[in-house]
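[1] The following comprises the amino acid sequence and a computationally predicted model.
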Amino acid sequence: MIPEITQKNVHLFIPFKVSKISVQIAKNENLPIAKAVAKFYRSNTAKLLEDESSKLWHDGWVGIYDLYKIENAKEEKTK
């Protein structure tokens with residue numbers, strides 16, 4: 001039986017995805033991994049990932065990374 005995913009247990013899906021996304025951020029933005037992790041966690045994408053009702057936790061890390069890139073590109077344009 002597959003357990004129900006709730007706000008209380010959604011955090012179980014996050015570390016693997018964040019680690020993969022952070023490696024990509026570090027590689028593409030030439031950042032140390034710790035700064036890449038922090039940068040991702042400051043993003044709206046990370047906030048959505050942590051919100052069970054968004055269902056973003058269900059997506060693969062590449063799709064979530066793509067959302068992060070879109071968000072990051074919009075922020076760069078407004079600077």
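    Looks like it came in fine.

[2] alpha carbons only for contacts and neighbour counts from here, please
    OK.

[3] And the pLDDT for the residue nearest in space to the middle of the chain?
    Residue closest to the average C-alpha location in the chain (CA atoms, centre = their mean): Ala46, at 4.3 Å. pLDDT for Ala46: 96.

[4] wait, what's in contact with it?
    Neighbour list for Ala46: Phe40 [criterion: CA atoms under 8 Å, 6 or more residues apart in numbering].

[5] give me the element it is part of.
    helix 44-50 (DSSP states H and E).

[6] I'd like the next helix or strand past that helix.
    From helix 44-50, the next helix or strand downstream (DSSP H and E) is helix 61-78.

[7] name the helices or strands packed onto that following helix?
    Counting contacts by 3 or more CA pairs under 8 Å, 6 or more residues apart in numbering; DSSP states H and E, helix 61-78 packs against helix 14-29, helix 44-50.

[8] Show me which residues of the shortest one are buried.
    If you call a residue buried by 16 or more other CA atoms under 10 Å, then helix 44-50 has these buried ones: Thr45, Ala46, Leu49, Glu50.

[9] what pLDDT does the closest residue to Lys17 other than its chain neighbours get?
    Leaving aside its chain neighbours, Lys17 sits nearest to Trp61 (5.1 Å; criterion: CA to CA, 6 or more residues apart in numbering). As predicted, Trp61 sits at a pLDDT of 95.

[10] what's the answer for Lys79, then?
    Lys79 is given a pLDDT of 69.

[11] for His11, same thing?
    82.

[12] so it, which of the three states?
    helix (DSSP: H, G, I helix; E, B strand; the rest coil).

[13] Spit out the contact partners of it.
    By CA under 8 Å, 6+ apart, the neighbours of His11 are Glu50.

[14] so where's the chain shaky on pLDDT?
    For the chain, applying pLDDT under 70 flags the ranges 1-2, 79.

[15] got the contact list for Ile14?
    By CA under 8 Å, 6+ apart, the neighbours of Ile14 are Leu49, Glu50, Trp57.

[16] Unless I'm misreading it, the first one sits right up against Asp59, doesn't it?
    No: with contact taken as CA atoms under 8 Å, Leu49 and Asp59 are classed as non-touching, separated by 9.3 Å.
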